[in-house]
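Asks: Any chance you could fold what I've pasted below:
(4 chains)
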2 protein chains.
Amino acid sequence: MQAMNSEELLAFLAAVGHAQRIRIITELATGPLYVSELARRLGVSRPLLYMHLERLEKAGLVIGRLELSDDGKALKYFELAPFDVQLNVDTILAAARLDGADAPPDGTGEAGKHSPKGTPQ
Amino acid sequence: MQAMNSEELLAFLAAVGHAQRIRIITELATGPLYVSELARRLGVSRPLLYMHLERLEKAGLVIGRLELSDDGKALKYFELAPFDVQLNVDTILAAARLDGADAPPDGTGEAGKHSPKGTPQ
DNA sequence: TTCACCTGTCAGTCTCAACTTACACATGGA
DNA sequence: TCCATGTGTAAGTTGAGACTGACAGGTGAA
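Replies: Purely as a prediction, here's the structure:
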């Protein structure tokens, strides 16, 4: 898993920092599952599960693919994506440093500081 | 940093999975700061900062201590606590497995649930 | 045709964390 | 005395994310 900037890191952490999504991950750890089956196992409504899966997919934690079962039904399978993130002060600072690096070449002169879009608050 | 159960892991991830709190961490990386000064640097209201710091402290990411300045003012200093968490499928499963381990011996069978009384760290 | 599955999405409601404003109180110095 | 600076907390508002229910499809089998 390559280096993430702070935006990607944040998406990753926010995605995994939720009880339901942790449960999804542990359930998928046993192998790929299609949405309806997963919803049944977790006791969660399907639309809600969709939302969580979407978020997990955007953060790169799971991968979904549409498959055709033997009897012709379309099944949306999800499986865990390999991920491995070390989380300490250095890796967080490294992520913040990447933001400055891939910022637009129009240098507004803020090398050390990290100011996202417009100044919040 | 010793092993965390899923409740502690969740608190940790939810704490660090927030843009403002990431900014707090990067700011504290340069050294301890007292609350008002930190609020000024981040451009954040002090009560709001309190909330974030409280959350970070509960998750074990920062440590606060009350200090007396030279001129007798009470200053609440916060500094980063050393933390290092490896985040992948195995570590998440390991955290979930801990829940089952320190569950009450009267097996009610709900290993995945979170126990209401927080375990002190 | 009806049933039992599945996918995908919309329009809501609700809950809670995030955030603001405002207090009370303490200290040292002008 | 008032002012500037600090801590700490108790309200209230708001907004995003979590969650529900209902819908429109599509398939294969009885």
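Asks: hmm, stretch A:53-72 touching DNA strand C?
Replies: Yes - with Cβ under 7 Å from any atom of the strand as the criterion, DNA strand C is reached by stretch A:53-72 at A:Leu66. Any C-beta I mention is one placed from the backbone N, CA and C, and that applies to glycine too.
Asks: what residues are up against the residue nearest in space to the middle of chain A?
Replies: Central residue of chain A (Cα atoms, centre = their mean): A:Ala59, 1.8 Å from the mean position. Contacts here follow Cβ atoms under 8 Å, 6 or more residues apart in numbering or on different chains; on that basis A:Ala59 touches A:8, A:11-12, A:14-16.
Asks: out of everything not next to it in sequence, what's closest to it?
Replies: Spatial nearest neighbour of A:Ala59, excluding adjacent residues (Cβ to Cβ, 6 or more residues apart in numbering or on different chains): A:Ala15 at 3.6 Å.
Asks: Which strands or helices does the helix or strand hosting A:Ala95 pack on?
Replies: Here A:Ala95 sits within helix A:89-101, counting by DSSP states H and E. Judged by 3 or more Cβ pairs under 8 Å, 6 or more residues apart in numbering or on different chains; DSSP states H and E, helix A:89-101 is in contact with helix A:6-16, helix B:19-28.
Asks: Buried residues of the longest one, list them for me.
Replies: Read it as helix A:6-16. Across helix A:6-16, burial judged by 16 or more other Cβ atoms under 10 Å in any protein chain shown covers A:6, A:9-16.
Asks: Please apply the same query to the shortest one.
Replies: For helix B:19-28, burial by neighbour count (16+ other Cβ under 10 Å) applies to B:21-28.
Asks: For the closest residue to A:Tyr34 other than its chain neighbours, what are phi and psi?
Replies: Distances taken as Cβ to Cβ, 6+ apart place A:Leu75 nearest to A:Tyr34, at 4.0 Å, with adjacent residues excluded. A:Leu75 adopts backbone torsions of phi -120, psi 130, taken as degrees, to the nearest 10.
Asks: ok, A:Leu75 - contacts?
Replies: A:Leu75 neighbours (Cβ under 8 Å, 6+ apart): A:34-35, A:66-69.
Asks: In strands only, show me those.
Replies: Among the contacts of A:Leu75, the members falling in strands (DSSP state E) are A:34, A:66-68.
Asks: For those residues, pick the one with the most neighbours.
Replies: A:Tyr34 (18 neighbours; other Cβ atoms under 10 Å in any protein chain shown).
Asks: so that one touches A:Ala74, yeah?
Replies: No - checked against Cβ atoms under 8 Å, the pair A:Tyr34 and A:Ala74 is beyond contact range at 9.2 Å.
Asks: tell me which parts of chain A are close to DNA strand D?
Replies: A:18, A:20, A:44-48, A:51-52, A:55, A:71-73.
Asks: Just the residues contacting the helix holding A:Ala95, thanks.
Replies: By Cβ under 8 Å, 6+ apart, the surrounding residues in contact with helix A:89-101 are A:3-9, A:85, A:111-112, A:114, B:16, B:22, B:25-26, B:29, B:80, B:82-83.
Asks: Of the residues you listed, which are in range of DNA strand C?
Replies: Counting by Cβ under 7 Å from any atom of the strand, no member of these is near DNA strand C.
Asks: remind me which residues of chain A are low pLDDT?
Replies: A:102-121 (pLDDT under 70).
Asks: give the contact list for whichever residue of it sits closest to DNA strand D.
Replies: Minimum separation of chain A from DNA strand D (Cβ to the nearest atom of the strand) falls at A:Gly72, amounting to 3.0 Å. Residues near A:Gly72 by Cβ under 8 Å, 6+ apart: none.
Asks: Please consider this matter closed, and thank you.
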